[in-house]
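Colleague: coords please:
(chains A, B and C)
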Amino acid sequence: MARLARLQLGEQELEPMARELSAVLDHIAKIAELDLEGVAPTSHVVELTGALRADEPRPSLEREIALAQAPAVDDDGFAVPSPQA
Amino acid sequence: MSDLLELTAARAAAAIERGEVGAEELFAFYRERAQRDAGASGDGLNCFTWVADGPADTPSPGWGKEPGGAAGGPLLGVPLAVKDLFCTKGVPSQSGSRILEGYRPPYTASAVGKLTGAGATLLAKTNQDEFAMGSSTENSAYGPTLNPWDRARVPGGSSGGSAAAVAAGLAPWALGTDTGGSIRQPAALCGIVGLKPTYGSVSRYGMIAFASSLDQAGPLTRDVTDAALMLRHMVGRDGCDATSLQFPHEVELPRGERLDGVRLGVPAELTGEGIEAGVLSAFRAALERAEELGAELHEIALPHAPHGLSAYYVLAPAEASSNLARFDGVRYGARAQDATDLLDMYTRTRHDGFGAEVKRRIMLGTYALSSGYYDAYYGRAQRVRTKIAEDFATAFAAVDLIVTPTAPTVAFKLGEKTGDPLSMYLNDYCTVPMSLAGIPAISIPCGLSEGLPVGLQLAGPAFSESRMLDAAYALETALQFDGSGAYA
Amino acid sequence: MPELEPVIGLEIHVQLATRTKMFCGCGLSFGEPPNTRTCPVCLGLPGSLPVANAQAVHFGLMIGLALGSELAPRSIFHRKNYFYPDLPKGYQISQYDEPLCLGGRLGDVRIHRVHLEEDAAKLTHVGESGRIHGSDESVVDFNRGGTPLAEIVTEPDIRTAEQASEWLKLLRTTLRALGVSDVNMEEGSLRCDANISLRPAGTEELGTKTELKNMNSFRFIERGIKAEVERQRKLIEGGGQVVQETLHFDPNSGAISSLRSKEEAHDYRYFPEPDLLPVAIDERMLAAAREAMTELPADRAERFEREHSLSAESAQLLAFRSELGDYFEASLAAAGDPAPPAQALANWVAGDLVSRLGEGEDPADSNVEPAALATLVAMVSGKQVSVGAGRQVLDKLVAEGGDPAAIVESEGLAAIGGGDELAPIVAAALEANPDAAQRVREGNAKAIGPIIGAVMRETKGRADGGEVTRLVNEQLGI
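Modeller: Now for the predicted structure:
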């Protein structure tokens, strides 16, 4: 699970984290007891649709600004370690 | 000088407009107070992560010109403290996290822009629980904020810095965000007013996201009038936020000192078990005052409200786990040094940059969404959400507003709940259902318990802010709560 | 071992020709300098929010209409969560179980679904050859990130590599005709992955499939699919089992290699995108999409058959390569009097002209003016020029352009049709080829070949073949 979330948990963190998560999950699991037959899920509280945007260009950021906060820059781009094979 | 301190935001704006008070003078006054607290390291309340170090940026035409001659916005010259997670161009916006330490966004959040466009000036950024995850501001990477009523106690969270700043008179008013109670609960614990608007009424563009379907910006203020004033200038459809809505009418400043004919619903599920005795008695006393003002109390049921916390602690972490995936060290923020490869860079960056609570919620959220568990957790939580909304709809057919204590306890001691996440989550027990349903709610101080403030929450149907504010105002006027004792 | 049949499905990504990106107002980039077409949204800056492009939805609807799909009255966006440097938010906004379009068909292949999503950014690997393997650092350019994509997924109805390639060309022509995309494989506005499995012929159950990715030309797709089918066939016939994996085809070596080792299966943790509202198709949007529909290849072919009495095969050839159809119609429109017969013109366009141009070259870009070809074909049909001579004229037109009549004049290519000019030449040819002449006299029609050949050489191809045959028979007394 940690790997999926790209989190690395240190030795000391693993056990307490597991314990805490367990406790929370037990509490949350109560919703399993509810009868939710035929209830539609709410994926959007706002009951509207659409809100589409017109296809009109807006100004982009200046490159210097886009790169300004980058931890590593190379060749006008964001530098990262290469992905593994 | 202390006259300035007594001015609420609304009165300050009026005074500036009449020429009685200079905008620059007022800004300098608060800036000095804020800087004093920020610089007091150890002795201060630690409300702020950034304070303006000079005169305010000129926000609108007429700023600082001859008194009374300004043709600026209605909020002209009133200093505003803004929660750290709002992007403020060129000013650190860190959402209380190490992973964004020193991050200065190239743009400003729409909600902040609307307020400064109306004349408010950016005084400071306030401390918060990291990524808005918490109910005590103890999860901030920049140290906890202290409660001005008792510096050994928490101010609540996640908008603890904003709440404490207002309560201590270090800022006339502040902007915060509420996801499961993060405006209302700290407002209650600090004895001030906090409002969470109808979901969608304030643009989320530029708010560093925690849980997208729940986050809402809102005011933390000394009184209900100020809350109405800020809300009035923040609402409205924003083309940059697809989930933002046009508020159906203008938000009026509240008036009226009676509650005749107002039907208040009291839900058994949120006003009994689990609420501290002192909180309950202050709450009940306030209800009596409401009756004296002509309100009708009705017992109502919100049968699924007790499951709100469970649903919330599935949905919010799930959305958060996705929203926080962008913090990967590639384009901004912290990046782990000397990474051996990409995976190492990702994992170490996030391990070092995120605090324990954030990691906990990311894990929880990732789990809730993962293959095989989606239906049992996320899917079910979505359905619980539907039921809670239905409960409210049913209730509002019989009553105008619902009333509960805002938080189950008064301000607790620093460190008291940090060892037990579950006990910390219970702080949101009364506030989470309104967040899940997307309906507006306000907390006003209604009394003291053991010398600490107790908050009363009013909730109404979507877009009922004006009616809710009127009722809150009437109650506030009758209760005459005095929070000036907490001023720093 | 029963015979194994390939079962192939295609997954196509089409970059839509909107002006701005899928979820922000940045203009689309065509080779702009790196990171000059970005904004808080497509950079995934904290606090940014997506807003969907109405034109992309419009194009999506047009694609659905063209493919005969069912347009979902309500569709939603989902987040597809995974980590990669070219994915700024750590998730891609896509569509999952409520896509824009479901079902449909194009030609003999059924469509499974069509949905909208955003493109990833461009990751360049600093190191030799720009390949992923063997480089230390990568650089990300976010110009492309956020470009609107339509993903079209077919049912596994395809059975051969050639069919895949041909069908893809049809899809490309169709989308080009709609005007929703440049659909240029070399530029990356059309990308195709193939899902390939084998099963015993005549069975229904699907075998384990592999995914072949990143093939960027029709030829490579065909070769890649062929190679993978072969690889699976050998594996299965050798008693092995196909492993589900993502593969890469190297067109240089012809080798198939694994693209990603799957230490962890991708769990994308799809959930509905809370920052975007559902897309509801209303009457106005539907009407706008219908109105914007252009003539599709299948319809064009049918019209060619009907209006110009073209054979089904010719009609399809011209309709499925829109530039040929366009040229054909332009030529017809520019024709003088007498006009060339439509079928003859069709044959010349799809046959003689195309074979003289570069692969995939648009005849409109050549030196042959549509009016010129119309004139040439009219001249051939009117027997002013023989077929052979006509081809020589075409060679000239292709090389230098010009007017066919003038070329015939200057090259002296006019047909020798009249018996006066031709008769002595035929006589001479008969005399020079007595054996052949004898065999023809004896009834062996095929033996006329060398005689005709001699006449053609003498007349530099200007003689009309039919007329030569008639004269030969006449002079031989047949």
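
Colleague: Residue B:420: how many residues sit nearby?
Modeller: 12 (other Cβ atoms under 10 Å in any protein chain shown). Every residue, glycine included, has its C-beta placed from N, CA and C.

Colleague: ok, now residue B:40?
Modeller: 12.

Colleague: now swap in residue B:433 and tell me
Modeller: 33.

Colleague: do you know how far it is from residue B:384?
Modeller: Separation of residue B:433 from residue B:384 (Cβ to Cβ, to the nearest Å) stands at 10 Å.

Colleague: and what of residue C:74?
Modeller: For residue C:74 relative to residue B:384 (Cβ to Cβ), the value is 23 Å.

Colleague: Over to residue C:195?
Modeller: Counting by Cβ to Cβ, the gap from residue C:195 to residue B:384 is 38 Å.

Colleague: and the residue in the stretch 101-250 of chain B that chain A sits nearest to, helix, strand or coil?
Modeller: Nearest residue of the stretch 101-250 of chain B to chain A: residue B:242, at 3.9 Å (Cβ to the nearest Cβ). Classification of residue B:242 using DSSP: H, G, I helix; E, B strand; the rest coil returns coil.

Colleague: gap between it and residue B:200?
Modeller: Separation of residue B:242 from residue B:200 (Cβ to Cβ): 10 Å.

Colleague: And residue C:195, by the same measure?
Modeller: 41 Å.

Colleague: Ok, residue C:191 next?
Modeller: From residue C:191 to residue B:200 the distance is 37 Å (Cβ to Cβ).

Colleague: what's the least confident helix or strand in chain A by mean pLDDT in contact with?
Modeller: Sorting the helices and strands of chain A by mean pLDDT, DSSP states H and E puts helix A:11-28 at the bottom, at a mean of 76. For helix A:11-28, contacts defined as Cβ atoms under 8 Å, 6 or more residues apart in numbering or on different chains pick out A:9, B:309-310, B:313-314, B:356, B:359-360, B:363-364, B:367, B:377, B:421-422, B:425.

Colleague: For PyMOL, what selects the buried ones among these?
Modeller: In PyMOL, a selection of the buried entries from the contacts of helix A:11-28 looks like this (16 or more other Cβ atoms under 10 Å in any protein chain shown):
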select buried, (chain A and resi 9) or (chain B and resi 309+310+313+314+359+360+363+364+367+377+421+425)
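
Colleague: Next, residue C:10: phi, psi?
Modeller: phi -120, psi 150 (degrees, to the nearest 10).

Colleague: Closest residue of chain B to chain C?
Modeller: Going by Cβ to the nearest Cβ, chain C is nearest to residue B:325 of chain B, at 2.5 Å.

Colleague: Residue C:295: what secondary structure?
Modeller: coil.

Colleague: Name the nearest residue to it, sequence neighbours excluded.
Modeller: residue C:177 (6.6 Å; Cβ to Cβ, 6 or more residues apart in numbering or on different chains).

Colleague: what's the model's confidence in the helix or strand the one you found falls within, averaged?
Modeller: Using DSSP states H and E, residue C:177 sits in helix C:161-178. For helix C:161-178, mean pLDDT is 94.

Colleague: Next: stretch B:79-94.
Modeller: 97.

Colleague: Let me see the residues that make contact with stretch C:278-285.
Modeller: Taking Cβ under 8 Å, 6+ apart as the rule, stretch C:278-285 contacts A:44, A:49-50, A:52, C:52, C:57-58, C:61, C:71-77, C:98, C:100.

Colleague: Can you flag which of these belong to helices?
Modeller: Secondary structure from DSSP state H places C:57, C:58, C:61 of the contacts of stretch C:278-285 in helices.

Colleague: would you turn those residues into CSV with neighbour count?
Modeller: Conversion of the ones in helices among the contacts of stretch C:278-285 to CSV gives the following (neighbours: other Cβ atoms under 10 Å in any protein chain shown):
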residue, neighbour count
C:57, 24
C:58, 19
C:61, 25
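
Colleague: can you put these in a markdown table and add pLDDT?
Modeller: Listed next are the ones in helices among the contacts of stretch C:278-285 as a markdown table, based on pLDDT from 0 to 100:
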| residue | pLDDT |
| --- | --- |
| C:57 | 98 |
| C:58 | 97 |
| C:61 | 97 |
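
Colleague: on that earlier part again, please say which of residue C:195 and residue B:384 ends up with more neighbours.
Modeller: Higher neighbour count among residue C:195 and residue B:384: residue B:384, with 25 against 19, using other Cβ under 10 Å.

Colleague: who's in contact with that one?
Modeller: Shown in contact with residue B:384 (Cβ under 8 Å, 6+ apart): A:31, A:34, A:36, B:304, B:307, B:308, B:310, B:311, B:436.

Colleague: same thing with residue B:10?
Modeller: Residue B:10 touches B:225, B:226, B:229, B:253, counting by Cβ under 8 Å, 6+ apart.

Colleague: Among those residues, which one lies nearest to residue B:77?
Modeller: Nearest to residue B:77 among the contacts of residue B:10 is residue B:229, at 13.7 Å by Cβ to Cβ.

Colleague: The strand or helix carrying residue B:264: what's the following helix or strand?
Modeller: Using DSSP H and E, residue B:264 falls within strand B:263-267. Downstream of strand B:263-267, the first helix or strand assigned by DSSP H and E is helix B:277-292.

Colleague: Any stretches of the chain with poor pLDDT?
Modeller: With no chain named, the answer covers chain A. Applying pLDDT under 70 to chain A flags the ranges A:8-11, A:84-85.

Colleague: Chain B was what I was after
Modeller: The model of chain B has pLDDT under 70 over residues B:1-2, B:41, B:57-72.

Colleague: the strands in the stretch 201-350 of chain B, which residues?
Modeller: B:216-221, B:263-267, B:296-300 (DSSP state E, counting those that start in this stretch).

Colleague: Can you tell me which helices and strands the first one packs against?
Modeller: Read it as strand B:216-221. Counting contacts by 3 or more Cβ pairs under 8 Å, 6 or more residues apart in numbering or on different chains; DSSP states H and E, strand B:216-221 packs against helix B:160-167, strand B:173-178, strand B:193-196, helix B:224-232.

Colleague: mind listing what it pairs with, with the direction of each?
Modeller: strand B:173-178 (antiparallel), strand B:193-196 (antiparallel) (DSSP bridges).

Colleague: Save the ones you listed as JSON lines, and put in mean neighbour count too.
Modeller: Putting these into JSON lines (neighbours: other Cβ under 10 Å) gives the following:
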{"stretch": "strand B:173-178", "mean neighbour count": "30"}
{"stretch": "strand B:193-196", "mean neighbour count": "33"}
